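Engineer: Generate coordinates for the sequence data below:
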Amino acid sequence: MRSWFILPLLLIPIAVAHNQTLVISEGKSDLAVVSHKWTKTRRVTAKVTPNLPPPPAPSLADTARRNAERSERITDSGGPRQPAGLSIDARAAALEKISRDAGTPQSKLIDGFTYQLKLKNESKKQIEVVFWEYQFIDVATPDIVTRRQFLCGLDLKPGKEKELIAFSLSGPSRVVSVQSLANKIEKPPQERVLINRVQYVDGTIWQRQDWSFAEIRLSYKSAMATPWTEVCRGL
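Structural biologist: A predicted model of the protein is given here:
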């Protein structure tokens, strides 16, 4: 991730400080949701190369001596001369490579979910950070709501649109209400996206009235504990 994504995220305050203005609003933010969707996703984790020192370079003099001695032994016994590629050092290097490859974690597949969101900045200020959530609402019991929250660093200028993509291991809730079970055909949950908090370049912050930063304090700390390689991260 480019540094202008990471820096705003690192500067997000847990409590309003440094003359930042927090606006609690009953209305919608100036960051409009244009479209949203989610899909099942299978990702391949990157192969991690351990930080191992390279094998020591063989001495040219020792290599030449061992090859000459081996060649003489083969000739004296009447056997054919072996190609240089099968020297002691070549075999040692091959064994070293096998050993190093065996200790390297291999890539693996991970099943999860991708949440896509297209936003438009309808304000006159540039936006740099947004907290948002994808909700799944049980049709039979509307008070059963599954929430997937995300944090994104972005550089969204006034009047511009931007698509955000977030990956999560968690998808729609598999918990089904009693009312849904009573139906012969279970209806899929309703979906909606809410903007919880918007941070602008000028230091001002808009926040949804019924949302509190305290509810994601621990997950936010966990999300910021490792280096970022993406624009969005789950909370």
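Engineer: CA atoms for contacts and neighbours, from now on please.
Structural biologist: Fine.
Engineer: Within the helices and strands, which one has Pro227?
Structural biologist: Assigned by DSSP states H and E, Pro227 belongs to no helix or strand.
Engineer: For it, grab the count of nearby residues.
Structural biologist: Using other Cα atoms under 10 Å, Pro227 has 9 neighbouring residues.
Engineer: ranges for the helices of the protein?
Structural biologist: Here the chain has its helices, by DSSP state H, at 3-10, 60-76, 88-102, 178-182, 217-223.
Engineer: Report the rounded mean pLDDT for the fourth one.
Structural biologist: If you average the pLDDT over helix 178-182, you get 51.
Engineer: again, but for the first one
Structural biologist: If you average the pLDDT over helix 3-10, you get 49.
Engineer: Can we start the residue count at 39 from this point?
Structural biologist: Taking 39 as the first residue, the last one we looked at is helix 41-48.
Engineer: Tell me how this structure divides into domains.
Structural biologist: The chain breaks down into these domains under automatic domain parsing: 41-84+145-272, 98-140.
Engineer: show me where pLDDT drops low in this protein?
Structural biologist: Counting by pLDDT under 70, the chain has low-confidence residues at 39-59, 62-65, 83-144, 212-224.
Engineer: The chain: strands as residue ranges?
Structural biologist: Taking DSSP state E to define them, one finds strands in the chain at 60-63, 69-82, 147-159, 165-175, 183-194, 199-206, 228-238, 243-246, 270-272.
Engineer: Could you export the ones you listed to a markdown table, including columns for mean neighbour count and distance to Ile254?
Structural biologist: As requested, those are exported to a markdown table (neighbours: other Cα atoms under 10 Å; distance: least, Cα to Cα, whole Å):
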| stretch | mean neighbour count | distance to Ile254 |
| --- | --- | --- |
| strand 60-63 | 14 | 17 |
| strand 69-82 | 14 | 21 |
| strand 147-159 | 17 | 19 |
| strand 165-175 | 21 | 10 |
| strand 183-194 | 20 | 9 |
| strand 199-206 | 17 | 16 |
| strand 228-238 | 19 | 11 |
| strand 243-246 | 20 | 14 |
| strand 270-272 | 20 | 11 |
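Engineer: Reformat those strands as JSON lines; add distance to Met262.
Structural biologist: Converted to JSON lines, the strands of the chain look like this (distance: least, Cα to Cα, whole Å):
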{"stretch": "strand 60-63", "distance to Met262": "22"}
{"stretch": "strand 69-82", "distance to Met262": "22"}
{"stretch": "strand 147-159", "distance to Met262": "20"}
{"stretch": "strand 165-175", "distance to Met262": "14"}
{"stretch": "strand 183-194", "distance to Met262": "10"}
{"stretch": "strand 199-206", "distance to Met262": "15"}
{"stretch": "strand 228-238", "distance to Met262": "17"}
{"stretch": "strand 243-246", "distance to Met262": "20"}
{"stretch": "strand 270-272", "distance to Met262": "9"}
